[in-house]
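Asker: here are the coordinates; sequence isn't available:
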C-alpha cells in the first residue's frame with residue numbers, strides 16, 4: 001500500500017478517487033496534515049473528514065513508523081544519532097543537530113542504505129550500495145526525529161548515508177513533502193541537499209531551478225588527490241565539477257557552498273589553497289570545513 005508519508009494532497013486525492021471514494025482536496029490536505037505535519041496515528045474523535053474517507057485511508061494506505069533500533073547522544077555537543085531499521089531489514093541513520101538558536105534543531109537524513117561512492121574517509125562508503133530509500137522512508141526519519149525533539153525542528157539536510165543525487169527523484173520528492181504546508185512545513189531555503197559531485201545531476205538540478213540549497217563536497221581541488229579520496233571523481237575532472245558549480249550558482253544567483261573534509265596532512269597544504277583559488281576565482285562561494293582527524 002502507498003505510504004502517507006510519501007504523498008502530497010493531490011496524490012492522496014487521486015488515490016482515494018481511484019478506489020471509488022469521493023474526497024475533496026481540502027479533506028486530502030487535512031488527512032496529510034494530521035498524519036505528517038502533526039505526526040498523529042488514527043483519526044481524532046472530532047472527525048476532520050467524513051467516515052468514508054477515514055475508512056478508505058485506513059484500508060488502502062499505510063502510516064507505519066520506522067523502527068528505532070538505537071539512539072546515541074553526544075554529551076559534548078548535544079547531537080543525537082538515530083539508527084532505523086527499514087521494512088526489509090536494511091539500516092539507515094539520521095541525526096538531530098542543535099542549531100545556534102536555542103531550542104531549534106535540524107535533522108540530517110539518509111537517502112540510501114549504504115552508498116556506491118566509495119569515499120575512503122567515509123564508513124558508509126565501505127558498505128557499498130544496498131538500495132535507494134523511498135520518499136516515505138526519508139520523510140519517516142524526519143517525523144520520528146522531529147516528534148522526539150525538545151524544541152522546534154526548523155531544517156533538514158540530506159547529508160546522512162548515501163549520495164542524495166544518486167537517488168535524485170526520491171530525494172527531490174521527499175524534499176517537496178518536507179517543504180509542503182501539509183508535510184514537514186520546513187522552509188525550502190532551510191532544506192539542504194549535499195552531493196559528492198555528480199556533475200550531470202548538478203547540471204540537471206540547476207536547470208530545474210529547485211528552491212533547496214545545494215552543497216558540493218569537494219575535499220580536494222587537485223584531480224589526482226581527489227580521485228584517491230573520492231573514487232567517483234575519476235568520472236569528472238575538478239574543472240568539469242567547477243563548471244557545474246558555476247552553472248548552479250548562475251541559476252540561483254546566490255553563493256555556492258563547497259564542503260571540504262579536512263584531513264590533516266593530506267588536503268591542507270598550500271597546493272590545495274592555490275588550486276582552490278584558481279578553480280573558483282570567479283565564483284561567489286562559501287567554504288564549509290568538516291574536520292576529521
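Answerer: Cool, got the structure. Since this is a predicted model, take the numbers as computed values, not measurements.

Asker: what about residue 87, neighbour count?
Answerer: 12 (other C-beta atoms under 10 Å). Heads up, the C-betas are built off the backbone N, CA and C, glycines and all.

Asker: kindly confirm my reading that it is in a helix.
Answerer: No - counting by DSSP: H, G, I helix; E, B strand; the rest coil, residue 87 is not found in a helix; it is coil.

Asker: you'd agree residue 150 is in a strand?
Answerer: No - looking at residue 150 with three-state DSSP, it is coil, so not inside a strand.

Asker: what about stretch 154-165, how long is it end to end?
Answerer: For stretch 154-165, the separation between the terminal residues is 23 Å (C-alpha to C-alpha, to the nearest Å).

Asker: low-confidence stretches in the protein?
Answerer: 290-293 (pLDDT under 70).

Asker: from residue 157, how far out is residue 20?
Answerer: As for residue 20, its distance to residue 157 is 41 Å (criterion: C-beta to C-beta, to the nearest Å).

Asker: and those two? Which one has more around it.
Answerer: residue 157 (20 against 8).

Asker: now that one: which helix or strand?
Answerer: strand 152-158 (DSSP states H and E).

Asker: could I get the buried residue list for that strand?
Answerer: 153, 154, 155, 156, 157, 158 (16 or more other C-beta atoms under 10 Å).

Asker: identify the farthest-apart pair in those.
Answerer: 154 and 158 (15.8 Å; C-beta to C-beta).

Asker: test my guess that residue 238 contacts residue 219.
Answerer: No - using C-beta atoms under 8 Å, residue 238 is not in contact with residue 219; the gap is 10.4 Å.

Asker: between the two, which contacts overlap?
Answerer: Common neighbours of residue 238 and residue 219, using C-beta atoms under 8 Å, 6 or more residues apart in numbering, are residue 226.

Asker: count of residues packed around the residue nearest to residue 172 when sequence neighbours are not counted?
Answerer: Of all residues not flanking residue 172 in the chain, residue 210 sits nearest, at 6.6 Å (C-beta to C-beta, 6 or more residues apart in numbering). When counting by other C-beta under 10 Å, one arrives at 18 neighbours for residue 210.

Asker: check residue 80 too.
Answerer: 20.

Asker: just residue 275 next, same as before
Answerer: Neighbours of residue 275 using other C-beta under 10 Å come to 19.

Asker: can you classify the residue nearest to residue 6 when sequence neighbours are not counted by secondary structure?
Answerer: Of all residues not flanking residue 6 in the chain, residue 136 sits nearest, at 3.2 Å (C-beta to C-beta, 6+ apart). Secondary structure for residue 136, judged by three-state DSSP, is helix.

Asker: list the contacts for residue 136?
Answerer: Applying C-beta under 8 Å, 6+ apart, the residues near residue 136 are 3, 4, 5, 6, 7.

Asker: mind checking how far the nearest residue to the last one once chain neighbours are set aside is from residue 143?
Answerer: I take that to be residue 7. Nearest non-adjacent residue to residue 7, counting by C-beta to C-beta, 6+ apart: residue 32, 6.4 Å away. For residue 32, the distance to residue 143 (C-beta to C-beta) stands at 12 Å.
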